[in-house]
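In: Got a predicted structure here, sequence first:
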Amino acid sequence: MTSDISATLLDAALMHVPFDGWSETTFRAAVADTGTDPTVARALFPRGAVDLALAYHRNGDAAMVERLRNTDLATLRYSERVALAVRYRLEVVEDKEAVRRGTTLFSLPIYAADGAKAIWGTADAIWTALGDTSEDVNWYTKRASLSAVYSSTVLFWLGDDSPGQTATWDFLDRRIDDVMRFEKAKGQMRKMPGLGLLMKGADQMLSGIHAPRKPAAPDLPGQWHIPS
C-alpha cells in the first residue's frame, strides 16, 4: 500500500516538474491531484519534492538494473558492459526535463550531498549488476571513476540534440577510454623500478581499506544498508 501511494505521488509530481521543478509547489500539487492525506504524503517524503526527486532517480537505477539482467553480456568486454549500463541508465529516462530539473536542484549547496549520493548509488548499482566482487580499495575507486564518467555524460546528454543521441554515446565511449588508458598507465608505472616500489608501498598503506559490509540485520537503526 505504501509503495502504491509513493508511486502515485511520483507519477503525479512528474506532470508538474517541467513547469515548477522539483519544488514544494510540485509536491503540494501532487498531493492535491492524488487526494493523498498530506500527513501521509509528508511521512513518505519528509522533504517533499527533494525526496520525490531521489525516488525518481532510484526508480531509474532499478529500471536500468532490470534491463541489464535481461541482456546477454557474455560477448562484451568489461568496458563495453559498463558503457552499455550507463547508456541503459539514460535510455530509461522518459522525460529529460525531469533530469534537467533534478540536476538544477542537486547543484544547490544544501542538496549537493544528496546529489552526490544518488550518483554514487547509480555507480554502485551498475558495478553490482555487472558482478563486481572487489572487497578492497578497488571497490571505492571503481565507483568513484564511474561516478565521474556518469555525471559528465549526463551533463553532455542534457544538451545533446543529435539523432538517436549518437553524440552522447560517442562522448561516453571517450570517457570510458580515458579511464581504461589511466588504468593501463598505472599498470605500466608498477613495472618501473622507482615508481613501482613507491606504488607498492602505497598499496600496502591502502590494504586495510575494505568494502562496506552488509549488516547482519539490515533494518537495525543506525546501520548502513548496501543494496544487493
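Out: Here it is on my side, so go on.

In: Residue ranges of each domain in the chain, please.
Out: With domains defined by automatic domain parsing, the chain comprises 1-46, 61-206.

In: and Leu54, which of the ones you listed is closest to it?
Out: For the domains of the chain, proximity to Leu54 was assessed by Cβ to Cβ; domain 61-206 is nearest, at 6.0 Å. Where C-beta positions appear, they are placed from N, C-alpha and C, glycine not excepted.

In: Reformat the domains of the chain as JSON lines; add distance to Ala53, mean neighbour count and mean pLDDT.
Out: Formatted as JSON lines, the domains of the chain follow (distance: least, Cβ to Cβ, whole Å; neighbours: other Cβ atoms under 10 Å; pLDDT from 0 to 100):
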{"stretch": "domain 1-46", "distance to Ala53": "4", "mean neighbour count": "16", "mean pLDDT": "95"}
{"stretch": "domain 61-206", "distance to Ala53": "5", "mean neighbour count": "15", "mean pLDDT": "87"}
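
In: so which of the ones you listed comes closest to Leu52?
Out: Closest approach to Leu52 among the domains of the chain (Cβ to Cβ): domain 1-46, 5.1 Å.

In: Next secondary structure element downstream of the helix or strand where Thr26 lies?
Out: Secondary structure assignment for Thr26, by DSSP states H and E: helix 24-34. Proceeding N to C from helix 24-34, the next assigned helix or strand is helix 38-44, under DSSP H and E.

In: any idea how far that next one is from the chain center?
Out: Its chain's C-alpha centre and that of helix 38-44 lie 26 Å apart, by Cα atoms, centre = their mean, to the nearest Å.

In: Give me the helices and strands touching the helix holding Thr26, please.
Out: Counting by 3 or more Cβ pairs under 8 Å, 6 or more residues apart in numbering; DSSP states H and E, the packing neighbours recorded for helix 24-34 are helix 2-14, helix 17-20, helix 38-44, helix 49-69.

In: Distance to Lys117 for those helices - can I get that in CSV?
Out: Listed next are those as CSV, based on distance: least, Cβ to Cβ, whole Å:
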stretch, distance to Lys117
helix 2-14, 19
helix 17-20, 20
helix 38-44, 19
helix 49-69, 8
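
In: Now do the phi/psi pair for Asp95.
Out: The phi/psi pair for Asp95 (degrees, to the nearest 10) reads phi -130, psi 100.
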